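# Have a look at this fold, sequence not included:
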């Protein structure tokens, strides 16, 4: 794999030859290196990658990992992964050899992450720290599974941050009703929050809704897509999971509210998005509503938790709730187990009735 000087540009380039997965000989050229040393380094790393050598740098292995992930992940998920890797992981590990990264290295990285703060000078949340660690661990798991790395140093090091980020936040029905009165001042915003709270939709699901998704005869809304803002563009994607594709029955009052609202949107076509507010716009409106009403500030996603909490309070089963909100597994719904009312007294009463007074007869 020779290294050449591009005399017209004053830079260096590398011509590489390799066999692809079919055994066919391929040639590729990489240009733009500022020095011969930089070009030679690329040449060595390219050869190591093609030989599946664990002596390749972490940065080189991440390229292999991301090439695989690009074919499997939704665009918005991929962009989140890229941001974490490029900003929080690569700066620390990029030039280390994959096979030489130790649990001690990972712990040092964890300590560095726990020192960092957000733009508003707040510490990273335990949930975010856990997300960072899980991403690093996923990269090493890929190396263990497909490239023969002996062990995952991130797993040996253990996670960072706390297991949970405090108690799950949600609004009671009374809190939401107080908040919603402040939202009534803005047509469209009010209906958006109504869909989130009373149907338990994800924010992206709500923002992707079109008039054609509603069946007012059956009082249902179809969830089959999600709205994302990716690289400055509006993108409609598939829902988060297969189970996210669902039809949600609306309460009568919500069906009436949405039918009335849509009847006044004269230029809205069947496949146009109903709610064109941005995600940041929704956060702004939530801030405004909480300031005006004094209701505690929760995340917009916590409206979904609030819906689940409401259904639990009403006595619906975990299976019923999972189907309604599109949980991929009922195990996710059981994360709310602490909210389900205890049936212990009812069990004891049943056992009392079942046993009866046998010894008294």
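Okay, I see it. Bear in mind the structure is a predicted one, so any value in this text is a computation, not a measurement.
# Quick check: which helices or strands does whichever helix in the chain runs longest pack against?
Ordering each helix of the chain by length in residues (DSSP state H) puts helix 126-147 first. With contacts taken as 3 or more C-beta pairs under 8 Å, 6 or more residues apart in numbering; DSSP states H and E, helix 126-147 sits against helix 58-70, helix 75-84, helix 103-115, helix 153-157. Every residue, glycine included, has its C-beta placed from N, CA and C.
# so which of these is the most packed in?
Neighbour counts (mean count of other C-beta atoms under 10 Å) averaged over each of the helices and strands packed on helix 126-147 peak at helix 153-157, with a mean of 19.
# starting at the chain centroid, how far to it?
23 Å (C-alpha atoms, centre = their mean, to the nearest Å).
# Can you list the helices and strands that that helix packs against?
helix 103-115, helix 126-147.
# export those to TSV and tack on distance to residue 204 and mean pLDDT?
Below are the helices and strands packed on helix 153-157 laid out as TSV (distance: least, C-beta to C-beta, whole Å; pLDDT from 0 to 100):
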stretch	distance to residue 204	mean pLDDT
helix 103-115	27	92
helix 126-147	18	90
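# Direction-wise, compare the longest helix of the chain with helix 103-115 and give the angle.
Calculated by axes from the mean of the first three to the mean of the last three C-alpha atoms, to 10 degrees, helix 126-147 forms an angle of 150 degrees with helix 103-115.
# Give the buried residues for helix 126-147.
Using 16 or more other C-beta atoms under 10 Å as the test for burial, helix 126-147 gives 126, 128-130, 132-133, 135-137, 139-143, 147.
# From those residues, pick the one nearest residue 15.
Closest approach between the buried residues of helix 126-147 and residue 15, by C-beta to C-beta: residue 147, at 25.9 Å.
# Which residue, neighbours along the chain excluded, lies closest to residue 244?
Distances taken as C-beta to C-beta, 6 or more residues apart in numbering put residue 326 closest to residue 244, at 4.1 Å, once the chain neighbours are dropped.
# Residue 180 now?
residue 193 (6.3 Å).
# so what secondary structure elements neighbour the host helix or strand of the one you found?
Here residue 193, judged by DSSP states H and E, is contained in helix 189-199. Helix 189-199 sits against helix 173-183, helix 203-207, helix 252-263, helix 279-293, helix 302-313, with contacts defined as 3+ C-beta pairs under 8 Å, 6+ apart.
# so residue 16 sits in a strand?
Yes: secondary structure of residue 16 (DSSP: H, G, I helix; E, B strand; the rest coil): part of a strand.
# give me the number of residues near it?
For residue 16, the neighbour count with other C-beta atoms under 10 Å is 16.
# is it true that it touches residue 30?
Yes: applying C-beta atoms under 8 Å as the test, residue 16 and residue 30 come out as touching, 7.0 Å apart.
# tell me which residues of stretch 276-290 are tucked away?
Quick answer for stretch 276-290 (16+ other C-beta under 10 Å): 277, 282, 285-286, 289-290.
# Could you check the pLDDT of the residue nearest the centre of the chain?
Closest residue to the average C-alpha location of the chain: residue 77 at 6.4 Å, with C-alpha atoms, centre = their mean. Looking at residue 77, its pLDDT stands at 81.
# Return the distance of it relative to residue 316.
When distance is defined by C-beta to C-beta, to the nearest Å, residue 77 is 30 Å away from residue 316.
# likewise residue 138?
35 Å.
# picking that back up, from the chain's centre, how far out does the helix holding residue 193 sit?
21 Å.
# how big is the angle separating it from helix 279-293?
90 degrees.
# what's the closest of the helices and strands packed on helix 189-199 to residue 2?
helix 203-207 (49.4 Å).
# and the very next helix or strand once past that closest one, what other elements does it pack with?
Toward the C-terminus, helix 203-207 is succeeded by strand 214-215 as the next helix or strand (DSSP H and E). Counting contacts by 3+ C-beta pairs under 8 Å, 6+ apart, strand 214-215 packs against strand 220-223, helix 252-263.
# Partner strands of strand 214-215, with direction?
The pairing partners recorded for strand 214-215 under DSSP bridges are strand 220-223 (antiparallel).
# What residues sit buried inside the partner strand?
Applying a neighbour-count criterion of 16+ other C-beta under 10 Å, one finds 220-221, 223 buried in strand 220-223.
# Now the element after it, going C-ward?
Sequence order places strand 226-230 as the next helix or strand after strand 220-223, per DSSP H and E.
# and that following strand, average pLDDT?
Averaging pLDDT along strand 226-230 yields 86.
# ok, and what's touching the helix or strand that comes right after that strand?
Scanning forward in sequence from strand 226-230 by DSSP H and E, the next helix or strand is strand 233-237. Strand 233-237 has contacts (C-beta atoms under 8 Å, 6 or more residues apart in numbering) with 74-76, 204, 208, 225-229.
# Recalculate using a threshold of 6 Å.
Contacts to strand 233-237, defined as C-beta atoms under 6 Å, 6 or more residues apart in numbering, come from residues 74, 208, 225-226, 228.
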